[in-house]
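Asks: predicted structure and sequence below. I'll ask about it afterward.
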Amino acid sequence: MDEEAIPILHVKDAERAVAWYTRLGFVKEWEHRFEPGIPAFVCVASGRARLFLSEHSGDARPDTRVYLRVPNVDVIAAELNADVENTPWNTREFEVRDPDGNRLRVGSPSSPNVAGCGAGGTGGTGVAGAEALRDAERCLQRAQLASDVAALDRLIDDRLVFTGPDGRQALHQAGRSARPRIRRAGDDARR
């Protein structure tokens, strides 16, 4: 089991809070009460993210702020009718309060700046040969730095030859290679 930190948020009504958090894509994993009528302690999860929602006084401070990184902030913002902003630190984010006043900052990394990349593997320049390979490699590096696999698939041209970890060369076909390495001049000499 991996270590993880799970924020505890104070809620007045766990059932109402769980219903609200489902709008963010969370589902209730479990609920604990020492006995009927005692305050609830609930776990909600979305992917690897978990939040504890506690009705117990003293478990968490009101007005707590939690940051949630999500794959697509725009989908959640639309569900909550929130305005998304582009930040100087290259994310798209919005902030909202849950029914109990806890603050949630929700964000996604911005897409990499790949302007001019992707047209026929030539980076949109129409050049061919070694120039096209250098341009495609530049675009791939920009997408890899942003860890955007979808951008990689848009940028990789199936006419380029890639060398796999086992040293075999193959034509890349979009969607079949996760993070290909472009064969460069001199690669064979370094092995």
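Replies: Received the coordinates, thanks. Numbering: from 1, shown residues only.
Asks: neighbouring strands for the helix or strand residue 52 falls within, and are they parallel or not?
Replies: Assigned by DSSP states H and E, residue 52 falls within strand 49-54. Applying DSSP bridges, strand 49-54 is found paired with strand 8-10 (parallel), strand 41-46 (antiparallel).
Asks: go through stretch 22-35 and flag the buried ones.
Replies: 24-26, 28 (16 or more other Cβ atoms under 10 Å). For glycine as for every other residue, the C-beta is placed from the backbone atoms N, C-alpha and C.
Asks: reformat the residues you listed as JSON lines; add distance to residue 11, secondary structure and pLDDT.
Replies: Converted to JSON lines, the buried residues of stretch 22-35 look like this (distance: Cβ to Cβ, whole Å; DSSP: H, G, I helix; E, B strand; the rest coil; pLDDT from 0 to 100):
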{"residue": "24", "distance to residue 11": "14", "secondary structure": "coil", "pLDDT": "90"}
{"residue": "25", "distance to residue 11": "18", "secondary structure": "coil", "pLDDT": "91"}
{"residue": "26", "distance to residue 11": "13", "secondary structure": "coil", "pLDDT": "95"}
{"residue": "28", "distance to residue 11": "12", "secondary structure": "strand", "pLDDT": "98"}
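Asks: ok, so of these, who is nearest residue 47?
Replies: residue 25 (8.1 Å; Cβ to Cβ).
Asks: send me stretch 15-30 as CSV with only the CA atoms.
Replies: C-alpha atoms of stretch 15-30 as CSV (Å, rounded to 0.1, in the frame of the first residue of the first chain):
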residue,chain,number,x,y,z
GLU,A,15,-25.4,12.7,3.6
ARG,A,16,-25.9,16.2,2.1
ALA,A,17,-22.1,16.6,1.7
VAL,A,18,-21.7,13.2,-0.1
ALA,A,19,-24.4,14.3,-2.5
TRP,A,20,-22.6,17.5,-3.2
TYR,A,21,-19.2,15.8,-3.7
THR,A,22,-20.7,13.4,-6.3
ARG,A,23,-21.0,16.5,-8.5
LEU,A,24,-17.1,16.6,-8.4
GLY,A,25,-16.9,13.0,-9.4
PHE,A,26,-16.5,11.5,-5.9
VAL,A,27,-18.3,8.4,-4.8
LYS,A,28,-19.0,7.3,-1.2
GLU,A,29,-16.6,4.4,-0.3
TRP,A,30,-17.7,3.9,3.3
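Asks: begin at 21 from now on, thanks
Replies: Renumbered: residue one is now 21, and that last one reads stretch 35-50.
Asks: now the residue nearest to residue 74 when sequence neighbours are not counted: how far from residue 26?
Replies: Beyond its immediate neighbours in the sequence, the residue positioned closest to residue 74 (Cβ to Cβ, 6 or more residues apart in numbering) is residue 61, lying 5.0 Å away. Relative to residue 26, residue 61 is positioned 12 Å away (Cβ to Cβ, to the nearest Å).
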